[in-house]
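K.L.:
just the structure for this:
(2 chains)
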There are 2 protein chains.
Amino acid sequence: MAAETNGKSDIEIASKSSMKPIADVASSIGILENEIELYGTYKAKLSDALLKRLSTAQDGKLILVTSINPTPAGEGKSTVTVGLGQALNRIGKKTVIAMREPSLGPVMGLKGGAAGGGYSQVLPMDDINLHFTGDLHAITAANNALSALIDNHIHQGNELELDPGKIVWKRALDINDRALRNVVTGLGGASNGLAREDQFDITAASEIMAVLCMAENIQDLKQRLSSIVAGYTKDKHPVTVGDLGVEGALTLLLKDAVKPNLVQTMEHTPALIHGGPFANIAHGCNSLIATKAALKLGEYTVTEAGFGADLGAEKFLNIKARAGGLKPAAVVIVATIRALKMHGGIAKNDLRDSNPEAMIKGCENLQKHIETIQAFGLPYAVAVNRFTADSDEEIQALKKWCEDLGHPCALTEVWEKGGEGGVELAEIVTRLAESASAFSPLYSSDAPFKAKAKAIAEKVYGADDVLLTSKAEKQLADIEANGWGDLPVCMAKTQYSLSDDPKKLGRPDGFSITIREIKPSAGAGFLVALTGDIMTMPGLPKKPAALHMDVDENGCAKGLF
Amino acid sequence: MAAETNGKSDIEIASKSSMKPIADVASSIGILENEIELYGTYKAKLSDALLKRLSTAQDGKLILVTSINPTPAGEGKSTVTVGLGQALNRIGKKTVIAMREPSLGPVMGLKGGAAGGGYSQVLPMDDINLHFTGDLHAITAANNALSALIDNHIHQGNELELDPGKIVWKRALDINDRALRNVVTGLGGASNGLAREDQFDITAASEIMAVLCMAENIQDLKQRLSSIVAGYTKDKHPVTVGDLGVEGALTLLLKDAVKPNLVQTMEHTPALIHGGPFANIAHGCNSLIATKAALKLGEYTVTEAGFGADLGAEKFLNIKARAGGLKPAAVVIVATIRALKMHGGIAKNDLRDSNPEAMIKGCENLQKHIETIQAFGLPYAVAVNRFTADSDEEIQALKKWCEDLGHPCALTEVWEKGGEGGVELAEIVTRLAESASAFSPLYSSDAPFKAKAKAIAEKVYGADDVLLTSKAEKQLADIEANGWGDLPVCMAKTQYSLSDDPKKLGRPDGFSITIREIKPSAGAGFLVALTGDIMTMPGLPKKPAALHMDVDENGCAKGLF
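P.N.:
Residues are numbered from 1 along each chain as shown, chains lettered A, B, ... in the order given. Model prediction:
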């Protein structure tokens, strides 16, 4: 997302930049013409044949981009990811980017787009931000087909003896719509099925999104879909998608969505954009299939995980990297002067005023995220994502703060200058990536749930303790009885604070994390722990971005930013 | 949809047939390579530039395919449409097919597919039946974005003073899901918005689908979207999409969906598949943009309108043809021995037994549809769509019945033989199309609502009268007060009977049609009159087609039929 518009919006910059035919971009990383499936001239999916051919190739180096706790407008992590990829190519490293797909919820709501910004965007940004190649729609369709098939199973005789009060599968839409958080369905009499409470999640939080992102291939996808829990019988026995016999239909609906999408940046760096779970209410990483393909295709792969290092990066390292056998060579932590001032106590409307003191105070948030990455045993660099309102005084103060503490640091101007603005960062990153590192997850995979949650809360959030509500305790007992107790933990937590209270900025201490609900994602292979007030269906703001969107006289997008 | 499987399923036949690159198919009708936007090798969208270039070209002849009242499995109208297109090409007439896009609801539910059958299919049938180029998903997204924006407008202060009890815009999903027919949204407290009753329609019944199909171009689309009524103020003043200021965002979501999709039949006949309103609960015709483009591209265009001539064809002729200035050259009425026997009183399980007497009795249903087409002043031919279970005796009896009454008739074997099986029909059709005709709609556009509804009920259904419930009377008064009284009428009625009672087969008489509800579709430009028990969200059957769907070891579709 654009940090600053500098007179030009992201869509204006994007529409003026030239793209190469995607077949040429593919060719630049050794992909043959018949190994991609074209979606127009500038988008393609990687074929199964290509993925099979790559399986024996050597892996390149993996760079993970994360950030401090962001402001609501975002800190430009996607922009830095794209800019760093472009910069690595500029210094002679064949680089592939692996990112998540935007969700229409934030696009229509607050953010207006999520394909990088300025001169570090992935293209075609309007397609990527709208329907792209249809992956999210396919996931939505599969999610809701399952809901309809569950309710229909009950309506048509309920052979599997599902308890209508114990259906845990929710409906989903790729939208911000608070009115769908809690609904009652099946009203209007017996011919409309059984009335029951239900909820809609945003598609980014659907377990099917997580399953698609964790799958190794389409067979694994089907196996994982089969393990998804639809609900329970009266005696608490889980009823799965496999029991319902619809894993084939769901896999069929996802047969194209499971293939990674290839696009390009403004400087023609190849980018695989695939899968889009949010990092606050889901596991926040692009698909494993895409990341693995990128590693085979480039000397370097730059990927991002959502929100701050307490969310996306923690899950990337504890869940995705472990499941997929990935080992990052270095981590980039994006910070902005603006967000640091916010963590230093400055109010939203005063963030444009230069205030080095407040910024340095806010660096305690950055310091905590650095310590988290250190705890994982990984080398790191701080990327200061420059905004036009940043004062030189502030930038010098931040650089000095990093230097004094021995934190590798680079000012990145990738929004304004594209790859050229990220060369310093790229040079630091390649140096780090060539040094030895000793990555290990923060908990062992056979630790019990509470030990895992405690490890995350203490080592990543800086919390004193983890509390479970009585509801969560009961759910945990059922989860353990069903044999899922050993699964990794996917925390659902506000992105704005290290704690579970979005108002606690900076580096809070003396707090506990309260887990109010634990849900098994047996297909994805983790337990989702919901903390604080976090909601799996966002709402729209007072002035949604949708109000400014339009098409011009040629049918081209306007108002995406 | 396949009539009979003959040992091979439609997907098996489809997967064994070879496709030409869609650019070659386009080239065969004079479309340049840069005038299409590729969606893979075998699908493309027509560019705006092409549509502009075509606007001054001469129109070919338009053939409309309709049918008798069908059985739940369908009578193969799409199959005959595809087969006739192929046959016309065989006899030297450059022909383009214009059809509707399948909905995932019936695909996952009863039918398993809707892309023709046997050797008269459009390809790639799996893509077309699943997500295709994403048009239906884009419509669903636009529909639900509007719902979220309406509820958000109220939640954020309700500047337009929408009455929460008078919101008429419904949510939509492309699914068969009876549990979503009646729901309560916004539960769980004030932060989730206002609790209110809502309904989900299947996307095929969304007004946005109708708007897309009635639009002349993207500017007209935006104008029509702007006119959609979201709800009313306390004093019954309509609040439109334009009032909410979101017509630009909805148009942006539909900017690609509004472009017709080009695919090919098994014999490489070009087919424009675009828009998919159902004919029972919506206006049942593919997009006007696609039909007009087909007319410019071919000497002949073969199009279909959904279900029997009482539904799709009536609306094609009274609504779409009038709005778009179309004039069909001939109409094909598809009949099957199986459905005629059903209309003759034979139970579902006995339909495979030869029974010429019952079939002849059932011809009263066919006769009524013929009279309807005669009432529109159009030449027609009966196409007997052969199923393998049909006996020679039955076929001869049906041919004789047609001959005795002077109805042009051809046995079509397009399922089994492709275009070759439709040559006789093609020859009749070209003969008819070259004769003079005097097409006129069945009611004048300035007649009041009741006169229009009565004209349809009496002249098309054979009803004695039209009754309005008191609710419908009240709605009509409001509609007239808002100045929409003159719009054409889009009847929502069961497809199984000429009456509004699905159990009355054959040619019922002595019945009235009851209109229980009238809804203005101010954007689409018609009034929807709901009759009988017709529902705008279908349900799934006891054994949904989804249970048989799968992917094979190569990720290819299985179980679509």
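K.L.:
for chain A, which strand is longest?
P.N.:
strand A:512-521 (DSSP state E).
K.L.:
note down every partner strand of it and its orientation.
P.N.:
Sheet pairing for strand A:512-521, assigned by DSSP bridges, gives strand A:465-468 (parallel), strand A:526-531 (antiparallel).
K.L.:
domains for chain A, by residue range?
P.N.:
Domains of chain A are assigned by automatic domain parsing as A:10-133+A:257-433, A:135-244, A:449-531.
K.L.:
how far does the last one stretch from start to finish?
P.N.:
Put plainly, it is domain A:449-531. Domain A:449-531 has an end-to-end distance of 14 Å (CA to CA, to the nearest Å).
K.L.:
do the same with the longest one
P.N.:
In terms of CA to CA, the two terminal residues of domain A:10-133+A:257-433 are separated by 31 Å.
K.L.:
is that domain positioned near chain B?
P.N.:
Yes - contact between domain A:10-133+A:257-433 and chain B, assessed by CB under 8 Å from any CB of the partner chain, occurs at A:37-41, A:48, A:104, A:108, A:130-131, A:258. For every residue, glycine as well, the C-beta is placed using N, CA and C.
K.L.:
ok, and the most crowded of those residues?
P.N.:
Highest neighbour count within these: A:Met108, with 29 neighbours (other CB atoms under 10 Å in any protein chain shown).
K.L.:
hang on, that one packs against A:Pro541?
P.N.:
No - contact between A:Met108 and A:Pro541 fails when scored by CB atoms under 8 Å: they sit 10.3 Å apart.
K.L.:
next, A:Tyr232: phi, psi?
P.N.:
In terms of degrees, to the nearest 10, the main-chain angles of A:Tyr232 are phi -130, psi 160.
K.L.:
and it, how far is that from chain B?
P.N.:
Distance of A:Tyr232 to chain B, computed by CB to the nearest CB, to the nearest Å: 18 Å.
K.L.:
got it, and A:Leu311?
P.N.:
For A:Leu311, the distance to chain B - CB to the nearest CB - is 22 Å.
K.L.:
list the contacts for the closest residue to A:Gly324 other than its chain neighbours?
P.N.:
Distances taken as CB to CB, 6 or more residues apart in numbering or on different chains put A:Leu288 closest to A:Gly324, at 4.5 Å, once the chain neighbours are dropped. With contact set as CB atoms under 8 Å, 6 or more residues apart in numbering or on different chains, A:Leu288 has these partners: A:213-216, A:320, A:323-324.
K.L.:
closest to chain B among those?
P.N.:
A:Ala215 (12.0 Å; CB to the nearest CB).
K.L.:
tell me the confidence at that closest one?
P.N.:
pLDDT for A:Ala215: 98.
K.L.:
ok, A:Met1 next?
P.N.:
pLDDT, A:Met1: 39.
K.L.:
repeat that for the one 10 residues further on.
P.N.:
In this prediction, A:Ile11 carries a pLDDT score of 83.
K.L.:
what helix or strand is it on?
P.N.:
Assigned by DSSP states H and E, A:Ile11 belongs to helix A:10-16.
K.L.:
before we move on, what about A:Lys166?
P.N.:
With DSSP H and E as the test, A:Lys166 turns up in strand A:162-167.
K.L.:
then A:Ala410?
P.N.:
Counting by DSSP H and E, A:Ala410 is found in strand A:409-412.
K.L.:
list the contacts of that strand.
P.N.:
A:80, A:83-84, A:381-386, A:395, A:398-399, A:402-403, A:421-422, A:424-425, A:427-428.
K.L.:
one more time with 10 Å
P.N.:
A:76, A:79-80, A:83-84, A:87, A:120, A:332-335, A:380-386, A:390, A:395-396, A:398-403, A:421-429 (CB atoms under 10 Å, 6 or more residues apart in numbering or on different chains).
K.L.:
and it, which strands flank it?
P.N.:
Checking strand A:409-412 against DSSP bridges gives partners strand A:380-385 (parallel).
K.L.:
now the helix or strand bottoming out on mean pLDDT in chain A: buried residues?
P.N.:
In chain A, no helix or strand scores lower on mean pLDDT, DSSP states H and E than helix A:10-16, which sits at a mean of 85. Buried residues in helix A:10-16, counted by 16 or more other CB atoms under 10 Å in any protein chain shown: A:10-11, A:13-15.
K.L.:
closest to chain B out of these?
P.N.:
Out of these, the member with the shortest distance to chain B (by CB to the nearest CB) is A:Ile11, at 10.6 Å.
K.L.:
pretty sure the closest one contacts A:Val551?
P.N.:
No - when contacts are counted by CB atoms under 10 Å, A:Ile11 is not listed as touching A:Val551 (11.4 Å).
K.L.:
tally of neighbours for A:Asn554?
P.N.:
Neighbour tally, A:Asn554, other CB under 10 Å: 9.
K.L.:
equivalent analysis for A:Glu33, please.
P.N.:
11.
K.L.:
what pLDDT is listed against it?
P.N.:
92.
K.L.:
how far away is it from B:Thr140?
P.N.:
33 Å (CB to CB, to the nearest Å).
K.L.:
the residue most central in space within chain A: what's it in contact with?
P.N.:
In chain A, the centroid-proximal residue (CA atoms, centre = their mean) is A:Gly284; its distance is 2.8 Å. By CB under 10 Å, 6+ apart, A:Gly284 lies in contact with A:66, A:100, A:204, A:210, A:213, A:276-278, A:304-307, A:311-316, A:319-320, A:490, A:495.
K.L.:
low-confidence stretches in chain A?
P.N.:
Scanning chain A for pLDDT under 70 picks out A:1-7, A:111-112.
K.L.:
could you rerun that using 90?
P.N.:
Applying pLDDT under 90 to chain A picks out residues A:1-17, A:40-41, A:72-75, A:106, A:108-115, A:435-437, A:533-534, A:553-556, A:558-561.
K.L.:
what sits up against the helix holding A:Ile11?
P.N.:
So helix A:10-16 is in contact with A:1-3, A:5-6, A:8-9, A:79, A:112-113, A:115-126, A:128-129, A:266, A:415, A:549, A:552, A:556-561, going by CB under 10 Å, 6+ apart.
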